[in-house]
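# let's see this in three dimensions:
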Amino acid sequence: MTTWITVCDTCKRDGWETGDMELTDGERLAELVEAEVNGESRVRVRRMSCLMGCGKGCNIAVQGSGKVAYTLGDFVPERASAEAIANYARLHAVSETGVVPYRQWPEAVKGHFVTRHLPLPEE
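Have a look, this model is predicted:
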């Protein structure tokens, strides 16, 4: 079963306008996460314009069919963030329920969780 990482590609962290502004912070994070999971079948990446978590940018969501889903935020667009996001998604992918025990969380995702959602009911 595939776990999807959805990266908000419009996120701009405080101070973004003082940089080169070539890419948004969300676009930079998306590129890093995409490179981190390139070619994997259990974890895939997609982009979305605005996850509506502007006060906590950069934002991502981790979702899988029939599994608990999570929104995480306040990431800096750097390789360590991308690695931690990808590693957490890999753990989510192999979990039957999507719940990953805290002791297994990559250190760089701790403190970034914003919301948790139950899987949609099957009708």
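# would you mind finding the longest helix in the protein?
As assigned by DSSP state H, the longest helix anywhere in the chain is helix 79-94.
# who are the packing partners of the helix or strand following that helix?
Downstream of helix 79-94, the first helix or strand assigned by DSSP states H and E is strand 113-117. Using 3 or more C-beta pairs under 8 Å, 6 or more residues apart in numbering; DSSP states H and E as the contact test, the elements touching strand 113-117 are strand 69-72. Glycine gets a C-beta too; all of them are placed from N, C-alpha and C.
# what helices and strands are in contact with the strand it packs on?
strand 60-64, strand 113-117.
# tell me which of these lies nearest to Glu83.
Taking C-beta to C-beta, strand 60-64 is the member of the helices and strands packed on strand 69-72 nearest to Glu83, at 13.0 Å.
# now the closest one: how far from the chain's centre is it?
6 Å (C-alpha atoms, centre = their mean, to the nearest Å).
# for stretch 38-48, same thing?
Put simply, stretch 38-48 sits 11 Å off its chain's centre (C-alpha atoms, centre = their mean).
# follow-up on the earlier one: now tell me what touches the longest helix of the chain from outside.
With contact meaning C-beta atoms under 8 Å, 6 or more residues apart in numbering, helix 79-94 is reached by 1-3, 5, 29, 32-33, 35-37, 40, 42-43, 58, 60, 62, 64, 67, 70, 72, 75, 98, 100, 104-109.
# buried among these? Need that as a selection in PyMOL.
Applying 16 or more other C-beta atoms under 10 Å to these, the buried members can be selected in PyMOL as follows:
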select buried, resi 3+5+29+32+33+36+37+43+58+60+62+64+67+70+72+75+98+100+105+106+108+109
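# and the residue nearest to Glu31 when sequence neighbours are not counted, how far from Thr2?
Computed as C-beta to C-beta, 6 or more residues apart in numbering, the closest residue to Glu31 that is not its neighbour in sequence is Leu23, at 7.7 Å. As judged by C-beta to C-beta, to the nearest Å, Leu23 and Thr2 stand 26 Å apart.
# same deal with Asn38?
15 Å.
# quick revisit: which one of the helices and strands packed on strand 69-72 is the most hemmed in?
Of all the helices and strands packed on strand 69-72, strand 60-64 carries the top mean neighbour count, a mean of 23, counting by mean count of other C-beta atoms under 10 Å.
# great, nothing more from me.
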